[in-house]
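**Student:** Give me the fold of what follows.
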Amino acid sequence: MDRRQFLSGSAAASGLLLLKPKTAFGYEANSAVRLALLGCGNRGTTVATSFAKNTSARIVALADIFPDKLELGKTHFDALAGTLGYAGVDRKLMFRGWRAFEELAAAQDVDAVQISTPPFFHVQHLDAIVRGGKHAYCEKPVGVDIAQTKQALEIAQRVERSGKVSVDVGFQIRSAPPYVEIVRRIHEGALGKIACIAAHYNAPPSAYPERTGMSADEVRLRDWLWDRVLSGDILVEQDIHVIDICNWVLGAHPLSAVARCGRNVLSHAGDISDNYQVVYTYAGDVRVSFSSTQFDADNWFDVSVRVFGAKGVAEAPYSGPLRIIGENAWTWSGQAEGGSDQSAQAKAPGAFAANGAFTDNLADADRDKDRGFIESIVSGRFHNQIAAGVESARSAMLGRMAAAQKHEVAWDELLVHGEEYRLNMDLSRFT
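**Tutor:** Sure, this is the predicted structure:
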């Protein structure tokens, strides 16, 4: 599954425009990868914009279930194309409705697809895109339940056998230069034997405008972050980033979890939780204590991972000093090559970004992640990050199941349970 490639962080961006006249995989020197955006929402637009600005990719096609989102996407990317010196999106490559993903998968003038639809659809859409012979950048999580993750692993096997497409999963923090460096140091023994990890994700609640004149199903689709089935709940949809960092640091998935969750403050529509407390147990009796809140009215935002070892402590916050305290003391203080001056940003208080475009220690995460994906396509050194993405998705699901069942749940018990979420919605009305 090329998991080592996923765990090693971002690929170097150098060489993207220094190719031979024609590579063995058919890309002319300096030619653009033709990228399509599936899901023209907030995060999807932000990531696709990063691809257009930071790589050789061009946004040539758009797809969304809602026509208004599709038109907003065209307006945005046409304007962006104008600043970058090429034509906007051809209306022949704009697809709307619930089956738009199938039309996009069959489109001849598209090389790769960025999947930024609600998480419930990620695996279904990934399956279609890969079957269509296209490279895929799939946002996390890779599925919202065990049934979907099993399907994702089948897709991963097909990708591995074919060797014809590259698939990335959107864990961009693994490409953020400060995080890449601190995890490298931990893996090289800077902390000695790891004892435990304390991590948290405290963020404001997601927000949507008031909806009028829409069916309940349309509101549900548009406000998908408030829906447990569509999003997977906050632990699987958003907190997964921190759980993925813990898996990265420890090089493994948890063996069991005990947890609780609640909806004690949120009063808007929907059924998502607003807080989680999870204790994961990893091999070697290493425990990860994780907590999350998503309800603060004053926009309190604080995300951090602290790794405790025999020789010191590693602190890895989204914002603030990213450092190791102890025998092998070190602080991230520089500027990544060609990147932002994160030493200055780290001194400022962090701010929540609903579109995922964080600054501070994550300032170059999207940029470097995007460059790594496009480089894998133009070089022919394809990625297959599906299995690693499934591992982190299941790790989040383990905590979710432990909270639902209110007792300790083992990894194997999670897999045997085979939980399956059902949408119970007729999508065919959205044409």
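**Student:** When you work out contacts or count neighbours from here on, use the C-alpha atoms and nothing else.
**Tutor:** Noted.
**Student:** can you list the domains in this protein?
**Tutor:** The record's domain split for the chain, according to automatic domain parsing, is 3-173+373-385, 175-353.
**Student:** Using a markdown table, lay out the ones you listed together with mean neighbour count.
**Tutor:** Output for the domains of the chain, formatted as a markdown table (neighbours: other C-alpha atoms under 10 Å):
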| stretch | mean neighbour count |
| --- | --- |
| domain 3-173+373-385 | 20 |
| domain 175-353 | 19 |
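**Student:** would you turn those into a markdown table with mean pLDDT and distance to Met397?
**Tutor:** Converted to a markdown table, these look like this (pLDDT from 0 to 100; distance: least, C-alpha to C-alpha, whole Å):
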| stretch | mean pLDDT | distance to Met397 |
| --- | --- | --- |
| domain 3-173+373-385 | 89 | 7 |
| domain 175-353 | 91 | 6 |
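**Student:** Select, out of those, the one closest to Met425.
**Tutor:** Nearest of the domains of the chain to Met425, taken as C-alpha to C-alpha: domain 175-353 at 7.0 Å.
**Student:** ok, back up a step: take the domains of the chain and write them to a markdown table, including distance to Ala365.
**Tutor:** Putting those into a markdown table (distance: least, C-alpha to C-alpha, whole Å) gives the following:
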| stretch | distance to Ala365 |
| --- | --- |
| domain 3-173+373-385 | 5 |
| domain 175-353 | 4 |
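**Student:** and Ala393, which of these is closest to it?
**Tutor:** Per C-alpha to C-alpha, nearest to Ala393 of those: domain 3-173+373-385, 5.6 Å.
**Student:** Give me the residue at the spatial middle of this protein.
**Tutor:** Geometric centre of the chain, nearest residue: Gly170, 3.1 Å, by C-alpha atoms, centre = their mean.
**Student:** nearest spatial neighbour of that one, skipping sequence neighbours?
**Tutor:** If the residues on either side of it in the chain are set aside, Gly170 comes closest to Glu139, at 4.5 Å by C-alpha to C-alpha, 6 or more residues apart in numbering.
**Student:** returning to what we had before: out of the domains of the chain, which comes closest to Gly399?
**Tutor:** Of all the domains of the chain, domain 175-353 comes closest under C-alpha to C-alpha, at 5.7 Å.
**Student:** got a list of contacts for the helix or strand that Glu154 is a member of?
**Tutor:** When elements are assigned from DSSP states H and E, Glu154 belongs to helix 146-162. Under the contact criterion C-alpha atoms under 8 Å, 6 or more residues apart in numbering, helix 146-162 has outside partners 1, 123, 127, 130, 142-143, 165-166, 384, 386-387, 390, 393-394, 414-415, 418-420.
**Student:** how about a cut-off of 6 Å?
**Tutor:** Residues from elsewhere that reach helix 146-162, judged by C-alpha atoms under 6 Å, 6 or more residues apart in numbering: 123, 143, 386, 390, 418-420.
**Student:** next SSE after the top helix by length along the chain?
**Tutor:** Ranked by residue count and defined by DSSP state H, the top helix of the chain is helix 386-405. Counting by DSSP H and E, the next helix or strand C-terminal to helix 386-405 is strand 409-410.
**Student:** Go ahead and name everything in contact with that following strand.
**Tutor:** By C-alpha under 6 Å, 6+ apart, strand 409-410 touches 255-257, 402.
**Student:** now, which of these lie within helices?
**Tutor:** Short answer: those in helices (DSSP H) are Ala402.
**Student:** Out of the contacts of strand 409-410, flag the one nearest to Ala269.
**Tutor:** For the contacts of strand 409-410, the minimum distance to Ala269 (C-alpha to C-alpha) is 24.4 Å, reached by Ala402.
**Student:** give me every residue that touches Cys246.
**Tutor:** Neighbours of Cys246 in contact, by C-alpha under 6 Å, 6+ apart: none.
**Student:** for Gln172, that is, sorry about that
**Tutor:** Per C-alpha under 6 Å, 6+ apart, neighbours of Gln172: 365-366, 369.
**Student:** What of Cys138?
**Tutor:** By C-alpha under 6 Å, 6+ apart, the residues touching Cys138 are 114-115, 169.
**Student:** Pick the one among the residues you listed closest to His407.
**Tutor:** Using C-alpha to C-alpha, Val169 comes nearest to His407 of the contacts of Cys138, at 30.7 Å.
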